[in-house]
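Engineer: Everything below, folded, please.
(chains A, B and C)
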Amino acid sequence: MVNTATTEQRHTVEVNLGPQHPSTHGVLRLLVELDGEIIVSCRPVIGYLHRGLEKMFEKRSYKQTIPFTDRMDYCASLNGNLAICQAIERLGGLQAPERAQYIRVLLCELNRIASHLVFLATYATDIGATTVFLYAFREREKCLDLMECMTGARLTYNYVRPGGIPQDLPDGFENGLNCFLDDLLKALEENDRLLTGNRIFRGRLEGVGVVSPEMAAAYGASGPVARGSGLNYDVRKTAPYEVYDRLEFDVPVYHTGDCMARYLVRIEEMRQSARIIRQCLKDMPAGEIMCKMPKIFKPPIGQAFSRTESPRGELSFYMVSDGTPNPARVHGRTPSFVHLGMLPAMLPGVKIADVIAILGSLDTVLGEVDR
Amino acid sequence: MNTIQDLFSGFMSFLRGMKITGANLGRDKTTVLYPYEKADVAPRYRGLFVLPFNEANGRLNCTGCTLCIQACPTNVITLTKLGAGKHGGIQDFQMDLGRCMFCNLCVEACPFEAIEMTTQFELASTDRNVCVFPLTSLAQGGAAAAEKNYNTISTALAAEAAEKAAKAAAAGESGGHGAAHAPKEGA
Amino acid sequence: MTSGILRSRRPIRAAEVGLGISITVAIIAIASAIPHLPWQLLKPLTSFVARYPLLNALANAAMVANFVALQCLGFIWLERKFAGWMQARVGPMHVGWKGLLQTVADAVKLLLKEDIVPTDADKPLFALAPYLVFVPSLLTFMVLPFTSAWVGYDLPLGALFVLSISTTSILGVFAAGWGSNNKYSLLGGVRAIAQLLSYDVPLILVMLSVVMLSGTMSLTGIVTQQEKLWNIAAHPLLMIPAFLIFLICTLAEVNRAPFDLPEAESELVSGFHTEYSGMRFAFFFLAEFANNFFSAGLAVTLFFGGWLGAGLPAAVWFTLKTLCVIFLMMWIRWTLPRLRIDQMMSFCWKVLVPASMALICAAAIAGVSH
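Structural biologist: Model (predicted):
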């Protein structure tokens, strides 16, 4: 395993993993220098999906920016909606009604489950267990059906608005949601036996791609990557937004820092999300879902910053208003981008098969990296 | 001894996994054989647009107020107004769905419920021009509805103009100029 | 549980449940009918062919090749259906009844596809590689005894022949990896050599232990030895571990999960056959499935008494047993994740080789005490 790197001339091969490769999860190009099967160096090349979203935000009104956040982290687009809407609300001094906040949290957690199921599916496929892919997608399909009933779309929800949400829960939603959660917990339990306990799977993941807590903190890692390294850091707990401070849930933290820890954090988070959703359903008050909004929304001059916990980590938006209907500047702090920066430090010395395991365990979404 | 124990537990974990995959052989399948069977779509699903036709009034709800154009983040909509004021409407309404994100903002912006989304989702095509939907295919009821809408509004506008002219004529001698102007507006 | 808002799932229909049974019945029926066909009508032809040794050999070769191609068609369909069902899908459905002709359609598509050779490829090697892989797997069928009469050529050294011939396919795999001028292919080729060579060692040792117990290297001889009791039942303590090692090694030999490292999709795109398309790709595919069938057949021959069995015709017994082993291999393939190269190698050299050595010793002792 140890790479005996010396100054003498090595015969290395440069391989482009991506941008067209079955397991780069998007258009990421990893310029990998190989010594046999062992990685000598790695350089992630990004930008293939760059759309200039931040500039596009500046040219559009506040409300019009929301659908573009769907296109950032497309696995959990509701979290993007929520993050930017929180920034807008802070700029304009708006406050969503309580029912809307509960529904937002409920949907975000549902979206987190969907996103983690995609992670589970693609990660298992990366490791070679193709069947788990379809089992995870079977559950995700139900999740997307629910989201479709609620928001009208299956992936790009565009559902949160500054000051509330546009539509209330549809009829029969609660019943469907409960059924889904029951199915999910059963499927997770089955997955524990099928994949988590599998000797080969454990062998592939344990001790691979270790991130120390110091390294995680130094790189600004958040979300499951930080929590897999033993950092107890979750924006939902450290800086609660919406109604998270009223809900009871645990933040899973694992201390080994390897791929297995990150995997286990995500699996456990799905269970916790299910817990949160059930509490939301129980506690949700009746009432308005949208606060009073002016016809043309012009927040006062100022700036605002929002922090949310997306399935990938801490997703933040910084927004500056100059008093016009369009934001003067928007910047998104996306967790995938930060985590991708850790790759060059994590990869040297591992085998080429581990590249896929490590990359998959970071669970990056390239739409979020390139923006 | 440790190795043998490890081997055995590994072997048992494989068997546990195989039990699950084996059990799935007999479970319900999730496949929907798409072109032959179609899954039901949620009523809220955001698909192809429709401009509802109001049978009672014999016209489309749209007044051509352009609020949807202002709400749209991607400049999907272009429209040609027909008349103004009380009988204002549209002569043409075009949506380039090649640009559309189906974000629902135009529907929310409309104060007259004049634009809505249907659950029609099969919109893929190999030609960008096919993505441009004119009023004749967007209006509820197709080209006939668009035609009726045009007729209703132009007759209403003509009637309004005639009424105005009559009023002007009744009021005094200075009305001639206004009456000559009104039909031009309606055209 | 039902809920209004979630879509209903596709229930398994009675026809689909009956599908597997009816296919098995059909195979049995066809196989049982074969001996009763009016073969004597072909007598003039066969006697004419038999007069010329070269013609005879050609005819036999053509029959084996056709059989391999045909069984591949059925086998690929079965694998797809099986994988689909296991994964909560329905598998191929559109071409033919329940997708039965899907493989035929795919074969036609592959035939019609453009034959692409990468610009800087080593052209002779690139062109030759698929056949270097396919021919050995075809050759091995020559000695596989379907029944006591249905053997292409009953070599007295059948087991040795099988081992030596099947090992040569490594050459083709590496030729493909090297000739494609693609780094993924090269890595796949290198992995293939390491894997196939290492897993050949325990495979040979396990086969040797069976040979030692049977006292013959002829595959038909090994089967007839099991007339009273199948090997796996005659020496269960010895043969069950032997069968497991054999199964693991054959999985590695035919590049199936968890040992599909040479063509690991998520790492090496498609490994050594990344650059292949059209008919050349089809040959790799064909070779893989032919190898698979052969390995299962060999397992049946060595451990489960080959064609022996009561009631049904011998060929049917052989096919049924082989299908069972194939299903086992598919089941494993669609359950387990992939090993990493160092884990795979250490598993082979640290576990399988010592275990098979111990087996050989045990077989020697058992053979002496008989």
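
Engineer: Get me the contact residues on chain B for chain A.
Structural biologist: When proximity is defined as CB under 8 Å from any CB of the partner chain, chain B approaches chain A at B:6, B:9-11, B:13-14, B:16-17, B:19-21, B:24, B:30, B:41-46, B:71-73, B:101-105, B:108, B:117. Yep, even glycine has a C-beta here, placed from its N, CA and C like the rest.

Engineer: List the residues that contact the residue most central in space within chain B.
Structural biologist: Most central in chain B under CA atoms, centre = their mean is residue B:49, positioned 1.5 Å from the mean C-alpha point. For residue B:49, the contact set (CB atoms under 8 Å, 6 or more residues apart in numbering or on different chains) comprises B:95, B:97, B:115, B:116, B:117, B:118, B:133, B:138.

Engineer: Just the buried ones from the residues of chain B next to chain A, in ChimeraX syntax?
Structural biologist: Only the buried entries of the residues of chain B next to chain A go into this ChimeraX selection, using 16 or more other CB atoms under 10 Å in any protein chain shown:
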select /B:10,13,14,17,20,21,24,30,41,42,44,45,46,71,72,73,101,102,103,104,105,117
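
Engineer: Next one: the residue of chain B found nearest chain A, what pLDDT does it get?
Structural biologist: Residue of chain B nearest chain A, by CB to the nearest CB: residue B:10 (3.2 Å). With respect to pLDDT, residue B:10 scores 82.

Engineer: Which helix or which strand is home to it?
Structural biologist: Using DSSP states H and E, residue B:10 sits in helix B:2-25.

Engineer: Any regions of chain A where pLDDT drops low?
Structural biologist: Under the criterion pLDDT under 70, the flagged ranges of chain A are A:1-10, A:24.

Engineer: Which helix in it has the most residues?
Structural biologist: helix A:98-127 (DSSP state H).

Engineer: what packs against that one?
Structural biologist: Counting contacts by 3 or more CB pairs under 8 Å, 6 or more residues apart in numbering or on different chains; DSSP states H and E, helix A:98-127 is packed against helix A:77-92, helix A:130-151, helix A:173-191, helix A:199-205, helix A:259-283, helix A:352-362, helix C:265-268.

Engineer: can you tell which of those helices is closest to chain B?
Structural biologist: The nearest among the helices and strands packed on helix A:98-127, by CB to the nearest CB, is helix A:199-205 at 3.2 Å.

Engineer: any idea which helix or strand comes after that closest one?
Structural biologist: Following helix A:199-205 in sequence order, the next helix or strand is helix A:213-219 (DSSP H and E).

Engineer: Not counting that following helix itself, show me its contacts.
Structural biologist: The contact list for helix A:213-219 (CB under 8 Å, 6+ apart) reads A:221, A:225, A:226, A:229, A:230, A:231, A:257, A:338, A:339, A:341, A:342, A:345.

Engineer: still on that earlier bit, how about the residue nearest to the centre of chain B: which residues does it bridge to?
Structural biologist: Beta bridges link residue B:49 to residue B:117, judged by DSSP bridges.

Engineer: Please report the distance of it from chain C.
Structural biologist: 25 Å (CB to the nearest CB, to the nearest Å).

Engineer: Out of the contacts of residue B:49, who's the most crowded?
Structural biologist: The most crowded member of the contacts of residue B:49 is residue B:95, carrying 25 neighbours; neighbours defined as other CB atoms under 10 Å in any protein chain shown.

Engineer: OK, contacts around the residue of chain B closest to chain A?
Structural biologist: Going by CB under 8 Å, 6+ apart, residue B:10 touches A:199, A:200.

Engineer: number of nearby residues for residue C:30?
Structural biologist: Close neighbours of residue C:30, defined as other CB under 10 Å, add up to 12.

Engineer: Can you give me the pLDDT of it?
Structural biologist: Listed pLDDT for residue C:30 reads 71.

Engineer: Now render the helices and strands packed on helix A:98-127 as a markdown table, adding mean neighbour count.
Structural biologist: Output for those, formatted as a markdown table (neighbours: other CB atoms under 10 Å in any protein chain shown):
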| stretch | mean neighbour count |
| --- | --- |
| helix A:77-92 | 26 |
| helix A:130-151 | 23 |
| helix A:173-191 | 18 |
| helix A:199-205 | 22 |
| helix A:259-283 | 21 |
| helix A:352-362 | 26 |
| helix C:265-268 | 25 |
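
Engineer: need those in CSV with distance to residue C:67, can you?
Structural biologist: As requested, the helices and strands packed on helix A:98-127 are exported to CSV (distance: least, CB to CB, whole Å):
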stretch, distance to residue C:67
helix A:77-92, 54
helix A:130-151, 30
helix A:173-191, 40
helix A:199-205, 35
helix A:259-283, 46
helix A:352-362, 37
helix C:265-268, 29
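
Engineer: May I see the ones you listed arranged in CSV, with distance to chain B as well?
Structural biologist: Below are the helices and strands packed on helix A:98-127 laid out as CSV (distance: least, CB to the nearest CB, whole Å):
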stretch, distance to chain B
helix A:77-92, 10
helix A:130-151, 4
helix A:173-191, 6
helix A:199-205, 3
helix A:259-283, 14
helix A:352-362, 18
helix C:265-268, 19
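
Engineer: any idea how far residue C:343 lies from chain A?
Structural biologist: Look at residue C:343 and chain A: by CB to the nearest CB, they are 6 Å apart.

Engineer: wait, that residue sits on residue A:201?
Structural biologist: No: the pair residue C:343 and residue A:201 fails to qualify as a contact (CB atoms under 8 Å) at a distance of 11.4 Å.

Engineer: can I assume residue A:303 sits in a strand?
Structural biologist: Yes: counting by DSSP: H, G, I helix; E, B strand; the rest coil, one finds residue A:303 located in a strand.

Engineer: Number of residues surrounding it?
Structural biologist: By other CB under 10 Å, neighbour count at residue A:303 equals 14.

Engineer: Go ahead and confirm residue A:193 touches residue B:18.
Structural biologist: No: counting by CB under 8 Å, residue A:193 stays clear of residue B:18, with 10.4 Å between them.

Engineer: Looking at those two, which is more packed in?
Structural biologist: residue B:18 (18 against 14).
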